[in-house]
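3D, please:
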Amino acid sequence: MFVSIAYLTVNLFLYYNKSIKNNGVPLYYDFKPNTIKYTFDPDIVNDDISEQFLSYGISYGVDVSEWQGNIDWQKVRATGISFAIIRCGFRQTHGSEVKEDANFKENIEGAIAAGLKVGVYFFGTAKNEAEAIEEAEFTVNLIKDYNLTYPVAYDTESFNTGRLEGVSYSTITDNVLTFTETVASYGYETMVYSYHNALTYILEMGKLEGKLIWLAHFTDKTNYKGNYNIWQYTSTGKVDGIKTNVDLNLSYFTYVDNEDDIVPNPNYVYAPEVAMAPVEDRVRTKRNSTIRTSPTTSIPNKLGTIPRGKVLYRKELGENFSLVEYEGKSVYVANDDIETYTP
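Next up is the predicted model:
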């Protein structure tokens, strides 16, 4: 659990490559002792290092599982790595058993002892709400005795394969939401992990608005157009203390004790402002139509689909979208997908 009130400082929608520096901090792929000494004070062991995070805007971290083998966390810490997100468990893509990661306890205890900020992730393949709750309860049971200082993430990256073959994207998104909300009910901050195309085209991101997002995109320059809070930018990083390749991450937030310490972020991605005129009429969908949380297709904002032939009350009309009422919610639908309805 978090020891202090968690406020987030977030830098979103930023581009990086090997030659670009953010506040003097370059994007590294190879961490050796004291590689990034300016973002990590070796004299600080278990104290809050939020001030340094806020000063430099980003922090570096790793995510690990049993596949990394035995890790020397003191050496990892000495490189300047500030946080670790550790796999606590998983459900296989074939089969239904939920399992603990073989190195979870060793990794979380070692990382905490070394003074790193620590979060966890669960690799999930829930087919329905009941399985999502099972995965969440399993995760909470594993982490309840540890003091987490980074979020609990749900790793969803299996679609139309294995046990998830034939499970709709809408259902998978709902299961992600169920997992995160169940874990959050125990007082933990939660986060959603997936890869660029899944976050852009597969998951219904409108349902996940307000969630912390952990983007996987192995590139020097991400073109993901949505908001994200951690960027996993390579799977072939080298870190002293870890014998294998390891995922490297940039975090654009940290937890602070005082809201006044938050550094304003000028790069947050807001939905574009679109002129909408008030109307009062009824429309009918001409085809199965995507509904969105904002009147644009420039950011991931899908909420789901309205079936063909549905009659809706329209409240606002814009050049390309209308604001309509659907199942008790105000949502946007493309004007090309609807027609005026007269009983």
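
mind checking the SS state of the most centrally placed residue in the chain?
The centroid of the chain falls nearest to residue 213 when counting by Cα atoms, centre = their mean (1.9 Å). At residue 213 the chain is in strand, as set by DSSP: H, G, I helix; E, B strand; the rest coil.

quick one: contacts for it?
By Cβ atoms under 8 Å, 6 or more residues apart in numbering, the contact list for residue 213 reads 191, 192, 199, 226, 227, 228, 229, 230. Any C-beta I mention is one placed from the backbone N, CA and C, and that applies to glycine too.

Now neighbour count and pLDDT too, for those residues, in JSON lines please.
Shown next, in JSON lines, are the contacts of residue 213 (neighbours: other Cβ atoms under 10 Å; pLDDT from 0 to 100):
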{"residue": "191", "neighbour count": "22", "pLDDT": "95"}
{"residue": "192", "neighbour count": "26", "pLDDT": "97"}
{"residue": "199", "neighbour count": "25", "pLDDT": "97"}
{"residue": "226", "neighbour count": "19", "pLDDT": "88"}
{"residue": "227", "neighbour count": "23", "pLDDT": "84"}
{"residue": "228", "neighbour count": "26", "pLDDT": "84"}
{"residue": "229", "neighbour count": "21", "pLDDT": "83"}
{"residue": "230", "neighbour count": "26", "pLDDT": "87"}
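
Show me which pair in those residues is furthest apart.
Within the contacts of residue 213, two members stand farthest from each other by Cβ to Cβ: 191 and 226, at 13.9 Å.

Residue 286 contacts residue 306, correct?
No: counting by Cβ atoms under 8 Å, residue 286 stays clear of residue 306, with 10.7 Å between them.

So, low pLDDT: which residues of the stretch 1-150 of the chain?
Scanning the stretch 1-150 of the chain for pLDDT under 70 picks out the ranges 1-29, 32-58.

Could you rerun that using 90?
Low-confidence segments of the stretch 1-150 of the chain, defined by pLDDT under 90, span residues 1-60, 78-80, 82, 92-95, 149.

At which residues are the strands of it located?
Taking DSSP state E, counting those that start in this stretch to define them, one finds strands in the stretch 1-150 of the chain at 7-8, 21-22, 25-26, 30-31, 59-64, 83-91, 98-100, 117-123.

Run through the helices of the stretch 151-300 of the chain in chain order.
Using DSSP state H, counting those that start in this stretch, the helices of the stretch 151-300 of the chain run over residues 169-184, 196-197.

Out of those helices, which is closest to residue 330?
helix 169-184 (19.0 Å).

for the closest one, which positions count as buried?
Buried residues in helix 169-184, counted by 16 or more other Cβ atoms under 10 Å: 169, 171-180, 182-183.

Domains in this structure, by residue range?
What automatic domain parsing lists as the domains of the chain is 7-261, 276-340.

Next, format those as JSON lines and append distance to residue 269.
Below are the domains of the chain laid out as JSON lines (distance: least, Cβ to Cβ, whole Å):
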{"stretch": "domain 7-261", "distance to residue 269": "4"}
{"stretch": "domain 276-340", "distance to residue 269": "6"}
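
any idea which of the ones you listed is most buried?
Of all the domains of the chain, domain 7-261 has the most neighbours on average by mean count of other Cβ atoms under 10 Å, namely a mean of 19.

chain center to that domain: distance?
Its chain's C-alpha centre and that of domain 7-261 lie 8 Å apart, by Cα atoms, centre = their mean, to the nearest Å.
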